[in-house]
Every structure is written in structure tokens, then in C-alpha cells.
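>>> below is the sequence, then the predicted model.
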Amino acid sequence: MKKFIGIIPARYQSSRFPGKPLCDILGKPMIEHVYNSVKKWYRWKKIYIATDSLKIFDVCKKLDIPVLITGKEHIDCLDRAAEVVKILEEKNEGADKYIIIQGDEPLFDVRTLDVDMEDNLINFYTEIQDEYDIYDNNAVKVVVSKHSKAIYFSRYTIPYHDKQTKRKDIDLKIYKQIGVYVFSGELLRKYSELESSYLEQMEGIGLNRFIENDIPISMRYTSYDSISVDTFDDRERIISILRKKYNKRGMIIDNNGKITKKCENKTP
């Protein structure tokens, strides 16, 4: 059986939401929520938080979460993950595959990972159901070929869907990228060796670096949507979803994360 190492990149100085890995979500820092979600998968050799922040490092240590310090120069999460691979493989502690889960995905569902993992580069996507995501530039869209390869990633709503230019009256389907990536160590190292590309820089999406260098990206569909926390409003959205989740189970969760059963009103 192949060995998998999970890498959760967590950068403190986010331009849109500084300090977001440590933002409070119902009594816990977001990075703890992400780690607790990710560790539920049964095939891990180990999971690491990868950060350039001593604040995040110290919080992870207090929570007994494995964490590695990386450089501050990295352009994106994939470059940061490539450094982790280098650190681990130099100590002969690597794995067959590395799975990168964004540190801002507290609702990540590990059932997403129960797919064919044979390809050396895999990303995940789902069909957008919430209209909010269609026009949100923080939700990355992807166009996928008939052979399940990524054609292009964009923050713009693709495909273009004006009624006047459509050649056929067909239903609109827009797919959203899920911030989860499966790499062989070789391809992750290759990513860090390639120069940052034009489309990557324009869109702010790392995987476009591979597309511009004609390196295929295998896409795996998942029905398990995930919401990334890119802004303070996203945090509020996550809290609302978690409250509704517990409410459906007949429980209440307060701002400190304490869970209690609902009081039943019994008619005499």
C-alpha cells in the first residue's frame, strides 16, 4: 500500500485576511479545525502543518500538531510544500505521494480522497451549487477535458455563458477547484524548479504553471464541496454552516465551541 504524507500550508501574512490560520472559529483556531478534519483519513503516514510563522508554529506545538517551519520567500502553497518534501526526503522520511490540503479549508471532507491516486499529479473539483461561488473571485473555476484533464484555471466565471453567443440551448455547468492536490515528490520538486509563469501570475493560481509547461493535471470529481476562508465574511459563513450542521443533529454549539443538546419542550 502506498504511503501518503499530508501537508497543510498555513501562511500568516495573507493579503486578504492577515492571521487567518489562527482566526477563531467556535472556540478553536482555524488551523486546528483543518487538521482535525484532515486526520480522519485512514491512509496517512503523517500530517504536517507547513508555515513560515512562529505564531502558527507555537500554536501548533501547544495543540500537539506536527509542524515544520519553512521559508518566507514562497510564492504559493505548492512552493512551500515543495520545501517540506525536500526537508523530509533529506531525512529519509518521505512518502510515495504528498497530499496538500489548503490551511483555510476547515470543512474539508476526507471522503474526497477515496479515489484513484495512481496519477502523479491530481487536483479535485466539484460542480458549483451556490450562486455565491459563481461570481466570487476567491472561488477558483476550472474547465476540464473529456479525459478528466485540467484545461484552464481562472478566477473569472468560465465558461463564458452569454445567451447571444451560445450555439446551443444547454444547461450551464460551472466547476470549482477544490484546494487539494496530490503530487509525487518528483513533480512537486519540478514545480519549484519551473519559473513562475505568465498565466499563473495573472490569475494568482499556481497550477497554471503546469498547464503553461504542458504538464497534464488529472482532475477527480468530488461531491464533497469545501469552502475556503479567504475573507472575514467567509469565516462568518463557515460558522453559520457549522451551527446549522449541529442544529440538524439536535445540538447547539456556542462561541466557545461547547456543544449541548437542545432542550426539548414537552407538552404535559
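Now that the structure is in, tell me what you want to look at.
>>> for the protein, just list every one of the strands.
Under the criterion DSSP state E, strands of the chain are mapped to 4-10, 24-25, 28-29, 44-51, 67-69, 97-101, 121-127, 141-144, 150-154, 175-183, 218-221, 251-253, 259-261.
>>> so of these, which one's packed in deepest?
Greatest average neighbour count among those goes to strand 4-10 (a mean of 26), per mean count of other C-beta atoms under 10 Å. Glycine gets a C-beta too; all of them are placed from N, C-alpha and C.
>>> contacts for it?
Contacting residues not belonging to strand 4-10 are listed as 21, 31, 34-35, 38-39, 41, 43-51, 53, 56, 77, 80-81, 84-85, 88, 94-103, 117 [C-beta atoms under 8 Å, 6 or more residues apart in numbering].
>>> parallel or antiparallel, list what pairs with that strand.
Neighbouring strands of strand 4-10 in its sheet, by DSSP bridges, are strand 44-51 (parallel), strand 97-101 (parallel).
>>> Thr222: which of those is closest?
With C-beta to C-beta, the closest approach to Thr222 among those belongs to strand 97-101: 12.8 Å.
>>> just give me the residue closest to the centre of this protein.
Gly179 (2.9 Å; C-alpha atoms, centre = their mean).
>>> roughly how far does the nearest residue in space to that residue that is not next to it in sequence sit from Ile69?
Once flanking residues are discounted, Gly179 sits nearest to Gln102: 3.5 Å by C-beta to C-beta, 6 or more residues apart in numbering. The spacing between Gln102 and Ile69, counted by C-beta to C-beta, to the nearest Å, is 19 Å.
>>> could you do Tyr246 as well?
Tyr246 is 35 Å from Ile69, by C-beta to C-beta.
>>> quick one: which of the strands of the chain is nearest Lys168?
Proximity of the strands of the chain to Lys168 was assessed by C-beta to C-beta; the nearest stretch is strand 141-144, lying at 17.0 Å.
>>> quick one: strands adjacent to the closest one?
strand 150-154 (antiparallel), strand 175-183 (antiparallel).
>>> what sits against the nearest residue to Tyr152 once chain neighbours are set aside?
Sequence neighbours aside, Val143 is the residue nearest to Tyr152 in space, at 5.1 Å (criterion: C-beta to C-beta, 6+ apart). When the contact criterion is C-beta under 8 Å, 6+ apart, the partners of Val143 are Ala150, Ile151, Tyr152, Ile158, Pro159, Tyr175.
>>> any idea what the last one is bridged to?
Residues found in beta-bridge contact with Tyr175 (criterion: DSSP bridges) are Glu127, Val142.
>>> hang on, it packs against Val144?
Yes - at 6.3 Å, Tyr175 counts as touching Val144 under the criterion of C-beta atoms under 8 Å.
>>> one step back: how much space separates the residue nearest to Gly179 from Pro21?
10 Å.
>>> looking at these two, which is more packed in?
Per other C-beta atoms under 10 Å, whichever of Gln102 and Pro21 has more neighbours is Pro21, with 26 against 19.
>>> poorly predicted segments of the stretch 1-150 of the chain, please.
The model of the stretch 1-150 of the chain has pLDDT under 70 over residues 1.
>>> check the stretch 151-268 of the chain too.
263-268.
>>> quick one: the helices in it?
Using DSSP state H, counting those that start in this stretch, the helices of the stretch 151-268 of the chain run over residues 185-193, 198-203, 208-212, 232-248.
>>> just name the most buried of those.
Comparing the helices of the stretch 151-268 of the chain by mean neighbour count (mean count of other C-beta under 10 Å), helix 208-212 ranks first with a mean of 21.
>>> run through who's touching that helix.
Helix 208-212 is contacted by residues 121, 150-153, 191, 194, 196-200, 216-217 when judged by C-beta under 8 Å, 6+ apart.
>>> what does stretch 115-132 contact?
Residues outside stretch 115-132 that contact it (C-beta under 8 Å, 6+ apart) are 2, 4, 97, 112, 134, 139, 141-142, 144, 150, 173-178, 180-184, 186-187, 207, 210, 215-225.
>>> same check on stretch 76-85?
7, 9, 11, 48, 50, 52, 68, 70-71, 74, 94, 98, 100, 102-103, 179, 181, 183, 185, 188-189, 191-192, 206-207.
>>> same check, this time on stretch 87-104
Residues from elsewhere that reach stretch 87-104 (C-beta under 8 Å, 6+ apart): 2-11, 20-21, 30-31, 34, 38, 45, 49, 51, 68, 70, 77-78, 81, 84-85, 108, 113, 117, 179-185, 188, 228-230.
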